[in-house]
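> Below is the structure, and that's it, no one-letter string:
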């Protein structure tokens, strides 16, 4: 937690830029995603980032096919749930009752998504992933809500991009049931950051020509999320 | 709401609607007469699958795009009319509706363009009556009524796109675009709901003064065979966490009241 102090004096824009910057390990992941020859163990051995996986943090292989995509969603829901659990259990200073209510609701939704995927995947589920939130200052409103915005927009773009990779219509429907809730979250969080503006559905996420939200590939999404994930994630068998 | 009008609207979009309704009746009859005892939770899943099959067999991508286009026409004209109505939308909220309106206009143009690329003919814009025959007579003079209908259209839009995504599985480009519109509608819905002092997400089938059909089925707590309440969540959290789809006939039963011809 002590590393987080530096972010509290940064403007929100700087903070967002910083956490969206692909980190070195993100490039590793891209490489890992593109290559079938490199084992996760080998890469984790080469990793020299200070927040890299330790000997005690197991590598995680998302797997292939629809199961791989469901595990990918399960990973993202774990990330969101863990973040909101922290945000609610140690609220930032000056949090309003309305904000507490919104963050608590979202925490419960993300936990329900997480536990749903775990139950649905059964023995195919990846392990519980470990997260590193030291870049987030949980005492600072801009840091928490700024991160929430990034995670929600990322979640929306991930589901939008993953839909075409699913083959079973029942799974696609489930992803559809969840992605619109993530978009509802994103809208509410964005409105808390810039009330009654156009940001709830801002031009930074919705194209102005066609009115389309973001859609990102697993590689793009996992690269962005990687800064917060301690485990080395192998996703080279995901459909593309 | 005029049932014949609704059926005729469905028929326009889907000429085989009578046949489908008949086979659906037959299916219900079969269910009730077969004496089979389905577990309560299994029945909706079974029905859902059968209905999805009925539509998946006949619907082509252009049909789905025209279905979406009809809803986007409705939203586009609704917001344009609202923004044009003097004194309706408070000055400090106009930016919100200008943003939504911009997206709905973009969706109309986009869907028409995609239909053009597929060498399919976009449906003509229907004539709308946003008072629904006088039920919402003050829609463009009373901001609260306008907000309520905005919520109705956005939440219905989310449910409508979701209900047909599965039929687009064979066309990755169109499926992705549909999902990209779907989440924009959800962003809109959340904002408009919050302007009405509602939560941005849907709790149970709570309809907050709107026709119950709009939220029918949103109280589902079973997902993919798993009981979300059984995992330890309240019914409120379990239903808020998952948005539910609507079938085309559900949607047209809701939207049909606003379509004159």
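Thanks, I have the structure now. Because the structure is predicted, anything quoted here is derived from the model rather than measured. Numbering: from 1, shown residues only, chains lettered A, B, ... in the order given.

> quick one: low-confidence parts of the chain?
You didn't pick a chain, so chain A it is. A:1-55 (pLDDT under 70).

> sorry, should have said chain B
For chain B (pLDDT under 70), the answer is B:1-59.

> Which parts of it are helices?
B:3-13, B:17-34, B:42-58, B:61-84, B:94-117, B:143-164, B:172-195, B:235-240, B:248-255 (DSSP state H).

> residue contacts, residue 110?
Reading this off chain A. Going by Cβ atoms under 8 Å, 6 or more residues apart in numbering or on different chains, residue A:110 touches A:77, A:80-81, A:84. (C-beta placed from N, C-alpha, C; glycine too.)

> ah, I was thinking of chain B
Neighbour list for residue B:110: A:210-212, B:177, B:181 [criterion: Cβ under 8 Å, 6+ apart].

> tell me which of those is nearest to residue B:69?
residue B:181 (10.8 Å; Cβ to Cβ).

> Not counting its neighbours along the chain, what's nearest that closest one?
Nearest non-adjacent residue to residue B:181, counting by Cβ to Cβ, 6 or more residues apart in numbering or on different chains: residue B:107, 5.6 Å away.

> go on, residue A:166?
Leaving aside its chain neighbours, residue A:166 sits nearest to residue A:172 (4.7 Å; criterion: Cβ to Cβ, 6+ apart).

> ok, that neighbour - how many residues close by?
Around residue A:172 there are 26 other residues, counting by other Cβ atoms under 10 Å in any protein chain shown.

> Give the helix, strand or coil label for it.
helix (DSSP: H, G, I helix; E, B strand; the rest coil).

> again, but for the one 10 residues further on
Recorded secondary structure, residue A:182: helix (three-state DSSP).

> Mind putting the contacts of residue A:110 into CSV with distance to residue B:79?
Below are the contacts of residue A:110 laid out as CSV (distance: Cβ to Cβ, whole Å):
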residue, distance to residue B:79
A:77, 33
A:80, 31
A:81, 35
A:84, 33
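
> Mind checking which of these are buried?
In the contacts of residue A:110, burial by neighbour count holds for A:77, A:80-81, A:84, counting by 16 or more other Cβ atoms under 10 Å in any protein chain shown.

> Looking at the contacts of residue A:110, which is nearest residue A:166?
residue A:77 (15.8 Å).

> Let me see the backbone angles for the closest one.
Backbone torsions of residue A:77, given as degrees, to the nearest 10, read phi -70, psi -40.

> what's the distance between it and residue A:114?
4 Å (Cβ to Cβ, to the nearest Å).

> which one among the contacts of residue A:110 gets closest to residue B:98?
residue A:80 (30.6 Å).

> Mind listing what's buried along the helix or strand where the closest one lies?
Element membership for residue A:80 (DSSP states H and E) is helix A:65-89. Neighbour counts over helix A:65-89 (16+ other Cβ under 10 Å) mark A:66-84, A:86-88 as buried.

> and the closest residue to residue A:231 other than its chain neighbours, how many neighbours?
Distances taken as Cβ to Cβ, 6+ apart put residue A:60 closest to residue A:231, at 4.7 Å, once the chain neighbours are dropped. When counting by other Cβ under 10 Å, one arrives at 22 neighbours for residue A:60.

> Hmm, residue A:60 is touching residue A:234, no?
Yes - the pair residue A:60 / residue A:234 is scored as a contact, 6.9 Å apart, by Cβ atoms under 8 Å.

> Buried residues in stretch B:222-233, which are they?
Neighbour-count burial for stretch B:222-233, counted by 16+ other Cβ under 10 Å, picks out B:222-224, B:226, B:228, B:231, B:233.

> How far does that stretch stretch from one end to the other?
One end of stretch B:222-233 sits 12 Å from the other (Cα to Cα, to the nearest Å).
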